[in-house]
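Engineer: All I have is the shape, not the residue letters:
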(Lines give C-alpha, C1' and ligand atoms only; values in the text may rest on other atoms or scores of the structure.)
Protein backbone atom coordinates (compact mmCIF):
# COMPACT_ATOMS: atom_id res chain seq x y z
CA UNK A 1 0.00 0.00 0.00
CA UNK A 2 2.84 2.35 -0.87
CA UNK A 3 0.47 4.69 -2.71
CA UNK A 4 -1.07 5.87 0.59
CA UNK A 5 0.70 9.02 1.72
CA UNK A 6 0.14 11.01 4.87
CA UNK A 7 1.99 13.23 7.32
CA UNK A 8 1.84 12.99 11.08
CA UNK A 9 1.24 16.17 13.09
CA UNK A 10 1.91 16.30 16.81
CA UNK A 11 -0.14 18.97 18.55
CA UNK A 12 0.94 20.93 21.62
CA UNK A 13 0.76 24.31 23.30
CA UNK A 14 4.32 23.98 24.61
CA UNK A 15 7.12 23.87 22.04
CA UNK A 16 9.39 22.24 24.61
CA UNK A 17 7.47 19.05 23.70
CA UNK A 18 8.90 19.05 20.17
CA UNK A 19 11.77 16.60 20.87
CA UNK A 20 9.17 14.04 22.00
CA UNK A 21 7.52 14.23 18.56
CA UNK A 22 10.58 13.81 16.37
CA UNK A 23 10.43 10.01 16.15
CA UNK A 24 6.86 10.00 14.88
CA UNK A 25 5.86 13.38 13.45
CA UNK A 26 6.51 15.33 10.27
CA UNK A 27 5.15 18.56 11.76
CA UNK A 28 4.27 20.04 15.11
CA UNK A 29 1.06 22.03 15.42
CA UNK A 30 1.61 24.84 17.90
CA UNK A 31 -1.70 25.73 19.57
CA UNK A 32 -1.07 29.38 20.34
CA UNK A 33 -4.44 29.87 22.02
CA UNK A 34 -3.50 27.52 24.86
CA UNK A 35 0.14 28.54 25.13
CA UNK A 36 1.96 30.58 27.71
CA UNK A 37 3.84 33.46 26.00
CA UNK A 38 3.27 32.04 22.50
CA UNK A 39 5.21 34.77 20.68
CA UNK A 40 8.22 34.20 22.92
CA UNK A 41 7.99 30.45 22.36
CA UNK A 42 8.07 30.94 18.60
CA UNK A 43 10.95 33.39 18.79
CA UNK A 44 13.01 30.97 20.88
CA UNK A 45 12.07 27.82 18.93
CA UNK A 46 15.07 25.91 17.59
CA UNK A 47 13.52 22.48 17.07
CA UNK A 48 13.95 20.17 14.10
CA UNK A 49 10.33 19.82 13.00
CA UNK A 50 8.53 22.47 10.91
CA UNK A 51 5.53 24.08 12.57
CA UNK A 52 1.85 24.44 11.84
CA UNK A 53 0.46 27.32 13.90
CA UNK A 54 -3.14 27.81 14.96
CA UNK A 55 -4.88 30.29 17.24
CA UNK A 56 -8.39 28.93 17.67
CA UNK A 57 -11.32 30.93 19.06
CA UNK A 58 -13.91 29.39 21.37
CA UNK A 59 -16.28 28.32 18.59
CA UNK A 60 -13.43 26.31 17.07
CA UNK A 61 -12.56 24.60 20.33
CA UNK A 62 -9.89 27.07 21.44
CA UNK A 63 -9.46 29.97 23.80
CA UNK A 64 -7.93 32.78 21.74
CA UNK A 65 -8.99 36.35 22.39
CA UNK A 66 -10.67 38.08 19.48
CA UNK A 67 -8.70 41.24 20.16
CA UNK A 68 -5.38 40.00 18.82
CA UNK A 69 -5.60 36.42 17.55
CA UNK A 70 -5.32 37.29 13.84
CA UNK A 71 -2.43 39.66 14.45
CA UNK A 72 -0.65 36.90 16.38
CA UNK A 73 -1.23 34.45 13.52
CA UNK A 74 0.17 36.87 10.97
CA UNK A 75 3.21 37.51 13.13
CA UNK A 76 3.71 33.76 13.58
CA UNK A 77 3.54 33.17 9.82
CA UNK A 78 6.66 35.26 9.35
CA UNK A 79 8.75 32.82 11.40
CA UNK A 80 11.14 30.70 9.34
CA UNK A 81 10.08 27.62 11.32
CA UNK A 82 6.41 27.92 10.29
CA UNK A 83 5.36 25.90 7.23
CA UNK A 84 1.56 26.12 7.54
CA UNK A 85 -1.06 28.20 9.29
CA UNK A 86 -4.46 26.78 10.27
CA UNK A 87 -7.45 29.11 10.35
CA UNK A 88 -11.13 28.31 10.91
CA UNK A 89 -13.62 28.66 8.06
CA UNK A 90 -15.90 31.06 9.94
CA UNK A 91 -13.07 33.56 10.26
CA UNK A 92 -11.85 33.27 6.69
CA UNK A 93 -15.38 33.84 5.40
CA UNK A 94 -15.37 37.33 6.89
CA UNK A 95 -11.64 38.01 6.59
CA UNK A 96 -10.94 36.66 3.10
CA UNK A 97 -7.86 38.90 2.79
CA UNK A 98 -6.17 36.87 5.50
CA UNK A 99 -5.30 33.85 3.34
CA UNK A 100 -3.47 35.97 0.77
CA UNK A 101 -1.60 37.89 3.45
CA UNK A 102 -0.54 34.66 5.13
CA UNK A 103 0.73 33.27 1.82
CA UNK A 104 2.97 36.31 1.40
CA UNK A 105 5.08 34.57 4.05
CA UNK A 106 5.29 31.47 1.81
CA UNK A 107 3.21 29.28 4.11
CA UNK A 108 0.38 26.95 3.17
CA UNK A 109 -3.04 27.72 4.62
CA UNK A 110 -5.19 25.00 6.21
CA UNK A 111 -8.83 26.09 6.42
CA UNK A 112 -10.70 24.11 9.05
CA UNK A 113 -14.39 23.51 9.74
CA UNK A 114 -15.51 22.27 13.16
CA UNK A 115 -18.80 20.90 14.43
CA UNK A 116 -18.56 19.48 17.96
CA UNK A 117 -22.22 18.42 18.14
CA UNK A 118 -23.15 16.65 14.91
CA UNK A 119 -22.24 15.63 11.39
CA UNK A 120 -23.85 17.75 8.65
CA UNK A 121 -25.82 16.12 5.88
CA UNK A 122 -23.63 14.70 3.12
CA UNK A 123 -24.32 17.44 0.57
CA UNK A 124 -23.60 20.14 3.15
CA UNK A 125 -20.37 18.53 4.29
CA UNK A 126 -19.22 18.21 0.70
CA UNK A 127 -19.92 21.90 0.15
CA UNK A 128 -18.04 22.81 3.32
CA UNK A 129 -14.97 20.88 2.16
CA UNK A 130 -15.07 22.68 -1.17
CA UNK A 131 -15.50 26.04 0.54
CA UNK A 132 -12.45 25.37 2.72
CA UNK A 133 -10.55 24.47 -0.45
CA UNK A 134 -11.65 27.71 -2.11
CA UNK A 135 -9.91 29.76 0.57
CA UNK A 136 -7.01 27.51 1.52
CA UNK A 137 -4.47 24.96 0.35
CA UNK A 138 -5.75 22.13 2.56
CA UNK A 139 -9.34 21.53 3.71
CA UNK A 140 -9.75 20.11 7.21
CA UNK A 141 -13.07 19.00 8.68
CA UNK A 142 -13.76 17.76 12.21
CA UNK A 143 -17.37 16.72 12.83
CA UNK A 144 -18.99 14.83 15.69
CA UNK A 145 -20.34 11.32 15.14
CA UNK A 146 -23.68 10.76 16.83
CA UNK A 147 -24.03 7.33 15.19
CA UNK A 148 -21.79 4.94 13.23
CA UNK A 149 -23.19 6.06 9.91
CA UNK A 150 -21.78 9.54 10.54
CA UNK A 151 -18.26 8.14 10.40
CA UNK A 152 -19.03 6.46 7.08
CA UNK A 153 -20.42 9.72 5.75
CA UNK A 154 -17.23 11.58 6.73
CA UNK A 155 -15.02 8.98 5.05
CA UNK A 156 -17.16 9.06 1.90
CA UNK A 157 -16.82 12.84 1.69
CA UNK A 158 -13.06 12.70 2.24
CA UNK A 159 -12.72 10.09 -0.48
CA UNK A 160 -14.79 12.07 -2.99
CA UNK A 161 -12.87 15.27 -2.31
CA UNK A 162 -9.50 13.56 -2.57
CA UNK A 163 -10.45 11.82 -5.80
CA UNK A 164 -11.40 15.21 -7.27
CA UNK A 165 -7.98 16.67 -6.46
CA UNK A 166 -8.76 18.47 -3.19
CA UNK A 167 -6.07 18.27 -0.52
CA UNK A 168 -8.10 17.19 2.47
CA UNK A 169 -7.83 16.07 6.07
CA UNK A 170 -10.60 15.08 8.43
CA UNK A 171 -11.79 13.13 11.43
CA UNK A 172 -15.07 12.03 12.91
CA UNK A 173 -15.05 13.17 16.53
CA UNK A 174 -16.12 11.08 19.50
CA UNK A 175 -16.03 7.42 20.45
CA UNK A 176 -17.98 6.30 17.39
CA UNK A 177 -15.62 8.16 15.07
CA UNK A 178 -12.32 7.39 16.74
CA UNK A 179 -11.34 4.77 14.16
CA UNK A 180 -11.41 7.42 11.41
CA UNK A 181 -8.19 8.82 12.89
CA UNK A 182 -6.53 5.59 11.77
CA UNK A 183 -8.30 4.63 8.55
CA UNK A 184 -8.93 8.13 7.20
CA UNK A 185 -5.66 7.93 5.25
CA UNK A 186 -7.21 5.21 3.06
CA UNK A 187 -9.80 7.77 1.96
CA UNK A 188 -7.42 10.63 1.23
CA UNK A 189 -6.86 12.31 4.60
CA UNK A 190 -3.29 13.55 4.26
CA UNK A 191 -2.64 15.10 7.68
CA UNK A 192 -3.06 13.03 10.85
CA UNK A 193 -3.25 15.19 13.98
CA UNK A 194 -2.57 13.81 17.46
CA UNK A 195 -1.54 15.30 20.81
CA UNK A 196 2.14 14.78 21.55
CA UNK A 197 1.15 14.09 25.13
CA UNK A 198 -2.42 13.32 26.14
CA UNK A 199 -2.43 14.56 29.71
CA UNK A 200 -6.17 14.37 30.26
CA UNK A 201 -8.96 12.01 29.20
CA UNK A 202 -9.64 12.14 25.47
CA UNK A 203 -12.71 14.30 25.00
CA UNK A 204 -13.31 13.65 21.31
CA UNK A 205 -11.54 10.34 20.73
CA UNK A 206 -8.02 11.73 20.46
CA UNK A 207 -5.18 9.21 20.27
CA UNK A 208 -1.72 10.14 21.53
CA UNK A 209 0.88 10.71 18.80
CA UNK A 210 3.12 7.69 19.39
CA UNK A 211 0.15 5.32 19.59
CA UNK A 212 -1.50 6.74 16.48
CA UNK A 213 1.76 6.58 14.53
CA UNK A 214 2.16 2.91 15.45
CA UNK A 215 -1.44 2.11 14.55
CA UNK A 216 -1.01 3.78 11.16
CA UNK A 217 2.29 2.06 10.51
CA UNK A 218 0.70 -1.33 11.15
CA UNK A 219 -2.52 -0.58 9.28
CA UNK A 220 -0.96 0.98 6.21
CA UNK A 221 2.37 -0.80 5.92
CA UNK A 222 1.86 -3.94 7.96
CA UNK A 223 4.41 -3.08 10.64
CA UNK A 224 7.16 -5.59 11.36
CA UNK A 225 5.00 -8.64 11.87
CA UNK A 226 1.87 -8.19 9.75
CA UNK A 227 1.40 -8.86 6.05
CA UNK A 228 -1.62 -7.18 4.51
CA UNK A 229 -3.34 -8.70 1.49
CA UNK A 230 -3.43 -6.33 -1.50
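Structural biologist: Arrived safely. These figures come from a predicted structure and were not determined experimentally.

Engineer: Please make it C-alpha for all contacts and neighbour counts, starting now.
Structural biologist: Noted.

Engineer: residues in contact with residue 157?
Structural biologist: 122, 125-126 (CA atoms under 8 Å, 6 or more residues apart in numbering).

Engineer: got it, and residue 81?
Structural biologist: Shown in contact with residue 81 (CA under 8 Å, 6+ apart): 45, 49-51.

Engineer: Name the residues that touch stretch 24-32?
Structural biologist: Residues from elsewhere that reach stretch 24-32, judged by CA under 8 Å, 6+ apart: 7-15, 18, 21, 38, 49-56, 64, 209-210, 213.

Engineer: Specify the local secondary structure of the residue positioned nearest the centre of the chain.
Structural biologist: Nearest to the geometric centre of the chain sits residue 193, at 5.0 Å (CA atoms, centre = their mean). Here residue 193 is recorded as strand under DSSP: H, G, I helix; E, B strand; the rest coil.

Engineer: how far away is it from residue 70?
Structural biologist: Distance, residue 193 to residue 70, by CA to CA, to the nearest Å: 22 Å.

Engineer: How about residue 34, nearest residue that isn't a chain neighbour?
Structural biologist: Excluding the flanking residues, the one nearest residue 34 by CA to CA, 6 or more residues apart in numbering is residue 13, at 5.6 Å.

Engineer: gap between the one you found and residue 108?
Structural biologist: For residue 13, the distance to residue 108 equals 20 Å [CA to CA].

Engineer: again with residue 49
Structural biologist: Relative to residue 108, and taking CA to CA, residue 49 is found at 16 Å.

Engineer: surely residue 89 meets residue 110?
Structural biologist: No - contact status for residue 89 versus residue 110: not in contact, 9.4 Å apart, counting by CA atoms under 8 Å.

Engineer: Identify, by residue count, the longest helix of the protein.
Structural biologist: Longest helix in the chain by number of residues, with DSSP state H as the criterion: helix 148-163.

Engineer: That helix: what's the following helix or strand?
Structural biologist: strand 168-173 (DSSP states H and E).

Engineer: what is the mean pLDDT for that next one?
Structural biologist: Regarding strand 168-173, the rounded mean pLDDT is 98.

Engineer: packing partners for the following helix or strand past it?
Structural biologist: For strand 168-173, the following helix or strand on the C-terminal side (DSSP H and E) is helix 180-183. Using 3 or more CA pairs under 8 Å, 6 or more residues apart in numbering; DSSP states H and E as the contact test, the elements touching helix 180-183 are strand 168-173, helix 209-216.

Engineer: of all those, which lies closest to residue 104?
Structural biologist: Residue 104 lies closest, by CA to CA, to one member of those: strand 168-173, at 22.1 Å.

Engineer: List the buried residues for the closest one?
Structural biologist: 168-173 (16 or more other CA atoms under 10 Å).

Engineer: Excluding its own residues, what touches that strand? List them.
Structural biologist: With contacts defined as CA under 8 Å, 6+ apart, strand 168-173 is touched by 116, 129, 138-145, 150-151, 154, 158, 161-162, 177-178, 180-181, 184, 188-192, 204-205.

Engineer: swap the cut-off to 6 Å and go again
Structural biologist: 138-145, 151, 180-181, 189-191, 204 (CA atoms under 6 Å, 6 or more residues apart in numbering).

Engineer: Which ones among those residues lie within strands?
Structural biologist: Using DSSP state E, the members of those that fall within strands are 138-144, 191.

Engineer: just the strands in the protein please.
Structural biologist: Using DSSP E, strands in the chain cover 7-12, 27-31, 51-54, 82-88, 108-115, 138-144, 168-173, 191-195.
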